[in-house]
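Enquirer: Pasting the sequence and the predicted coordinates here, then a few questions.
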Amino acid sequence: MGGTIGYVWPIIALLTAGLLAGFAAGLFGIGGGFVVVPALIATLPLLGGDASELAHVAIATSLATIIITSLRSVFAHARRGAVDFETIKVWSPWIVMGVGIGIVIAARIPGTVLALIFGVGVIIMAMHFLFPFLSGKTVGDQMPRGGLRVAIAGSVGAFSAMLGIGGGTIVTIVMTLCGRTIHNAIATAAGFGCVIAIPGMIGFMIIGWGQPGLPFGSLGYVNIPAAIAISSTSIITAPLGVAVAHRLDQAILKRVFGIYLIFVGILMIRNALSLQPLI
């Protein structure tokens, strides 16, 4: 009985994290990884496990939650005819290749370094939201081809796998620079989230299989209770975030989210350097 009660608060914390992550994902038009990873870093210690493994578990579990949110989003966009499935088709092999590279790198570095990479990556992404100097600019009217496509798609896959994100922000920037409308870019980026998250989740399961010191309920580096809890509640609040977003000024929202990313990035870097829990 005592053991069962002991897991009540972790479950409540994870359900709450899912509510917040879903709302923020809908509000800011992202897959949620930038919200889910720090939320997991904060709540996973309640499930036990070695602190040195938390970054790997948080990133892997974030990828698992992105599968659900990405599928839900891309189906909704597809009903409006906004998804460029041809781009997803031709870019997917190189995205998956990049994910594999990211998984291999993540398997070879300690959790503190992975947390440091996440913190730095988040701050870099914050610059896009705080200073959207690329907004409205184009460099051509076609998506990259040949070696440039391989390089960009591979980098997106590797970067996203190592940060536990769906790559939506990066893909949207690339597509709008290539003359696509913002609606087409966002809708197509949602499809890429699933392409990144599925092999990413599987890869983290494999490299984490049999690792000691993982939190309760982990399958490899993917924590199943956390993934289920966050996905189940984020689906509820994501539409609420979307509704609020349409009522507020997007420029202000992007800057608020940029400030949030700076805050999260600093916390993650501090956590990595001090080897202390996030909160």
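Expert: It's in.

Enquirer: Can you verify my assumption that Val36 contacts Thr65?
Expert: Yes - shown here, Val36 and Thr65 form a contact pair, counting by Cβ atoms under 8 Å, at 5.6 Å. No exception for glycine: its C-beta is placed from N, CA and C like everyone else's.

Enquirer: which residues do those two both contact?
Expert: By the contact definition Cβ atoms under 8 Å, 6 or more residues apart in numbering, Val36 and Thr65 are jointly contacted by Ala21, Ile230, Ser234.

Enquirer: buried stuff in the helix or strand hosting the second one?
Expert: It refers to Ile230. Ile230 is part of helix 224-245, with elements assigned from DSSP states H and E. Going by neighbour count (16 or more other Cβ atoms under 10 Å), the buried part of helix 224-245 is 225-234, 237-238, 241-242, 245.

Enquirer: ditto for stretch 74-82
Expert: Per 16+ other Cβ under 10 Å, stretch 74-82 contains these buried residues: Val74, His77, Ala82.

Enquirer: ok, now which ones touch the last one?
Expert: Yep, that's Ala82 we're talking about. Ala82 neighbours (Cβ under 8 Å, 6+ apart): His183, Asn184, Ile186, Ala187, Thr188.

Enquirer: Quick check: mean pLDDT of the helix holding Ile230?
Expert: Average pLDDT, helix 224-245: 83.

Enquirer: could you dump that helix to PDB, C-alpha only?
Expert: The C-alpha trace of helix 224-245 is given here as PDB (Å, rounded to 0.1, in the frame of the first residue of the first chain):
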ATOM      1  CA  ILE A 224       6.700   4.600 -20.100                       C
ATOM      2  CA  PRO A 225       4.700   6.000 -17.200                       C
ATOM      3  CA  ALA A 226       6.000   9.500 -17.900                       C
ATOM      4  CA  ALA A 227       5.300   9.200 -21.600                       C
ATOM      5  CA  ILE A 228       1.800   8.000 -21.100                       C
ATOM      6  CA  ALA A 229       1.000  10.600 -18.400                       C
ATOM      7  CA  ILE A 230       2.400  13.500 -20.400                       C
ATOM      8  CA  SER A 231       0.800  12.400 -23.700                       C
ATOM      9  CA  SER A 232      -2.600  11.800 -22.100                       C
ATOM     10  CA  THR A 233      -2.900  15.300 -20.700                       C
ATOM     11  CA  SER A 234      -1.000  17.300 -23.300                       C
ATOM     12  CA  ILE A 235      -3.600  16.200 -25.900                       C
ATOM     13  CA  ILE A 236      -6.300  17.800 -23.800                       C
ATOM     14  CA  THR A 237      -4.600  21.200 -23.400                       C
ATOM     15  CA  ALA A 238      -2.900  21.600 -26.800                       C
ATOM     16  CA  PRO A 239      -6.200  22.800 -28.400                       C
ATOM     17  CA  LEU A 240      -6.700  25.300 -25.600                       C
ATOM     18  CA  GLY A 241      -3.300  26.700 -26.300                       C
ATOM     19  CA  VAL A 242      -4.100  27.000 -29.900                       C
ATOM     20  CA  ALA A 243      -7.300  28.900 -29.100                       C
ATOM     21  CA  VAL A 244      -5.500  31.300 -26.800                       C
ATOM     22  CA  ALA A 245      -2.800  31.800 -29.400                       C
END
